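Asks: Attaching a predicted model along with its sequence, questions to come.
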Amino acid sequence: MIGDRLKLLSNPGIFGSAALLAGIALLASRLLLYPPGNAFVFIEVGILFLFYGLLVLGLNLQYGFTGIINFGHVLFFGVGGYATAMLVAPESARGIALGLPWPIGLAGAIIAAALVAGIVGFASLPLREEYVAIATLAAAELFTDVTANLPSITGGAIGYVSIPQPINIWAGGHYGTFLTSTLLVMIGVLSFGYVVFRRLTDGPYGRVLRAIRADKEITDTIGKHVFRYEMEVFVFAAIVAAIAGSIYALFIGAAAPGLYTADVTFLLWIGMLVGGAGNHRGVLAGLGIVMAFELLTRFLNDLPYYTSQQFGALRLAMIGLLLIVIVRYRPEGIWGNAKEQGIE
Amino acid sequence: MALLETEDLDKHYSGLVAVDGVSFSIESGELVGLIGPNGAGKTTLFDCLTGVQKPTDGTVRFDGTDVTDLPPHGHAERGMIRTFQHSGVLPTLTVKENVLVAAPDHPGEQMFHSIARTDDAKTFEEDIQGRAEDLLDTFELEDRYDHYGDELSGGQRQLLEFARSLMLDPTLMLLDEPLAGVNPTTKQKVTSRITDMNDEGITILIIEHDIEELVEIVDRLIVMANGQIIADGTPADVVEKERVIDAYLGE
Amino acid sequence: MVSTQTLIFGLVIGSYIGLAAIGFSLIHGLVNMFNIAHGEYMTIGAYLSFVLMNQLGLGLFVSLVLGIAATSIAGLAIAKFFYQPLYETGPIPLLLTSIGLSFLLRNVIQLGFGADNKYLEGGLTGVYRTDALGGFFLQYSQALVIALALLTILLLHLLLTRTELGIAMRATSNNETLAQITGVATIRIRDYVWLLASGTAGLSGILLAQQRTLTPALGYNDILIILTAAILGGAGNVYGAVAAGFFLGIVSATATSMLPSGMASLATSVIFFMLIVALIVKSHVIEGNRGVIAT
């Protein structure tokens, strides 16, 4: 009996709903939670994992399923963050700030992402794959450059620092409760995202995407409008990323160019390749592994001989090496399907 | 009205003329062979006919409609299906998926229907499962449903491409060297399938390099060399023509 | 109109971007990959010259020669170890590997030399000033950069037109379509290309280190501009890459001089914007063949 109940929980839709409800209940109950002091950093990284998880699912849809090489995915995370910031930040902020309620910020993020993705996708997707990579990378760099250099429009290099944080307000400003309820809510959001992505790819739609990844020309010849599918996937993933970006801005109360750099894209790619492109749970696990590695090595900063800055360099060198090794020896990642990924 | 006609079709690359003023027409129900030495422009012609490449000049008309500038999926939607030399089988999909993915107008292939798992999508999918299996059985691939595309032999891939093409209810099929890479024992199977499909009313245009393979089954032969048509008639007539013999000797 | 001073800055920047773009473009055309670690080849050259000049006290020109030679060999070795096994797998695995290599090399250099700013000693000092042409000054080290860039281009031209190797390289790389269709230059030719590309990258890095401070991110900071120059110039077209390098150098200098000081780094935005425009334009100009477009 209990076994059956537990099995229900393994259904991500139910699991997600449960988490979301738990989060809301926590906030409504006005319970004050005091996680142990050093648990905070784990919860914070866990929350960041959940946000990045939405990004990696979108990236996986593009690359693992459709064969789109997007090196600028963080762009849409940033578009979502900045759109929300501009709509929701109080008028006292530098840059455009309209002080509107947060749901409008979220809606604005979605609309902005759809527009930007429409333009970037239309310009980049017809190109050959390695040029798509470069074009999307350039678009993302352009975004961070421009936002960092227009103080009166986007707040410059500092960006927005006083965006209202709805969950924090509902938690009465109590950090422990704020973090825990955010964690629960985001588990819910990611679970829903997971369900949507799974449904998209499990069915006939996913079959067409995989056909496109296998061979664009052949797939078009059998009657599928390849460019339209690529645009749909690109824009859809962008919207999901922007939703994540919007909620993230409302979580940390800030939006700044430094949050949306190519380092994020790189982390997503490594996580996806390590876990196994084409496998939703795989890429989430891969992302988790890489982020866990980075978190745990932070505690080793206190080793003698290496300063923490040098330790950072060691960590980055190892990540670079990891990427090289994966591409060379295990391109399908830990959980990817080599046959479906076209690896001999 | 001819089913397929081209008028002054040209295809140039910088300095290279691949297709040069090609005009011909094909009537419904014909089984036509397109032959010529390597580099004659046959595959480029196919590409221009099916939207894979845009002709530099000239028109292509299918069933009365100008299809010159249509992308490949537009041609497929109208019933003009082509196969590929060295296999157009999708290697990372299973044999069955290769056929299923060709099914046109599948509601499940739209984002909303896929996410919402609508009944329309589910019913359609069930229907095509049956149809795909029937087609695969006809082409003797019944024990290969779950094999991946790249696990098949050359002859099996060709048959798979036929099965997939039939899923699209073609009016006209353009086969690009269907016998290339097929072992001699399977060649007979492939050619008899081609005549079967023609008997069922599908108009067929085949590119082949070797005349002997085609002569048995086609009503008509078009010969290309250097981007131009140099002969067009019954196999008996064409094979006699001096120009044809020269073209083949010259290579 | 652009002031002479800005033009000079532009030529200097253009010199080392153009030099680096030569190598990047050669690799793109003949090995069919974008080598994102190309910036690190520049950085290797720069740090080698640091060792030679600051630590071993060798003179400028000796260090240049040794530095270029050593970087060529190092670059080839790295390519043979990391890239060669993947030559047949296509541009994306190579691109991903080059990104990983970029992180690896850059951070290993940091581990070895530290992240602090370093300054090359033993470079040319001295400045030429004049009031002619609206007044400008030209540092001797800047003149050296421009002169060496021009000399390299001349030598490269001779190599490409007068030697067997050069002619073989040109045949495959000048025609973008041909390069894509044939795709394969022999391993031998590719090895020579790596030597050339790494050597010019090393030279670019050494010259760059004399103009700016030396840090592990020296080459990485400019990789996107170098890439832009190579793409603007056309895949595998070294003359185009050099010309585009100078062009972007002048654009960058002009933008910097025209923008209000708080927004100076918008100059790089201008360059990225040009890259995106170039890609869009190329995708429509190359029609019907397998240039930059997929189906």
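Replies: Thanks, I have it. Numbering: from 1, shown residues only, chains lettered A, B, ... in the order given.
Asks: Break down chain B into its strands, ranges please.
Replies: Using DSSP state E, the strands assigned to chain B run over residues B:4-13, B:16-26, B:31-35, B:57-62, B:65-66, B:80-82, B:172-176, B:203-207, B:220-225, B:228-233.
Asks: do the stretch 51-200 of chain A as well
Replies: Here the stretch 51-200 of chain A has no strands by DSSP state E, counting those that start in this stretch.
Asks: which residues touch residue C:83?
Replies: C:31, C:33, C:35, C:94, C:97-98 (CB atoms under 8 Å, 6 or more residues apart in numbering or on different chains). The way it works is simple: take the backbone N, C-alpha and C, and place the C-beta from them, glycine included.
Asks: So which of those are in helices?
Replies: Cross-referencing the contacts of residue C:83 against helices under DSSP state H gives C:94, C:97-98.
Asks: and which of those is nearest chain A?
Replies: Taking CB to the nearest CB as the measure, chain A lies nearest residue C:97 of the ones in helices among the contacts of residue C:83, at 5.2 Å.
Asks: you'd agree residue A:341 is up against residue A:330?
Replies: No: counting by CB atoms under 8 Å, residue A:341 sits too far from residue A:330 to count as a contact (10.9 Å).
Asks: more crowded one of these two?
Replies: residue A:341 (19 against 15; other CB atoms under 10 Å in any protein chain shown).
Asks: Identify the spatial nearest neighbour of that one, chain neighbours not counted.
Replies: Leaving aside its chain neighbours, residue A:341 sits nearest to residue A:332 (4.9 Å; criterion: CB to CB, 6 or more residues apart in numbering or on different chains).
Asks: quick one, what contacts the one you found?
Replies: Taking CB under 8 Å, 6+ apart as the criterion, residue A:332 is in contact with A:276-278, A:338, A:341, A:343.
Asks: For it, give me phi and psi.
Replies: phi -80, psi 0 (degrees, to the nearest 10).
Asks: any idea how far it lies from residue A:279?
Replies: 9 Å (CB to CB, to the nearest Å).
Asks: what's the closest non-adjacent residue to residue A:143?
Replies: For residue A:143, the closest residue by CB to CB, 6+ apart turns out to be residue A:75, at 5.1 Å.
Asks: Please give me every residue in contact with the one you found.
Replies: A:116, A:120, A:136, A:139-140, A:143, A:260.
Asks: Most widely separated two among those residues?
Replies: Greatest spatial distance among the contacts of residue A:75 (CB to CB): A:120 and A:260, at 14.5 Å.
Asks: just the buried members of the contacts of residue C:83?
Replies: Buried by 16 or more other CB atoms under 10 Å in any protein chain shown: C:31, C:33, C:35, C:94, C:97-98, out of the contacts of residue C:83.
Asks: Is it possible to get a markdown table of those residues that adds pLDDT and distance to chain A?
Replies: Formatted as a markdown table, the buried ones among the contacts of residue C:83 follow (pLDDT from 0 to 100; distance: CB to the nearest CB, whole Å):
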| residue | pLDDT | distance to chain A |
| --- | --- | --- |
| C:31 | 87 | 12 |
| C:33 | 92 | 8 |
| C:35 | 96 | 12 |
| C:94 | 96 | 9 |
| C:97 | 97 | 5 |
| C:98 | 96 | 9 |
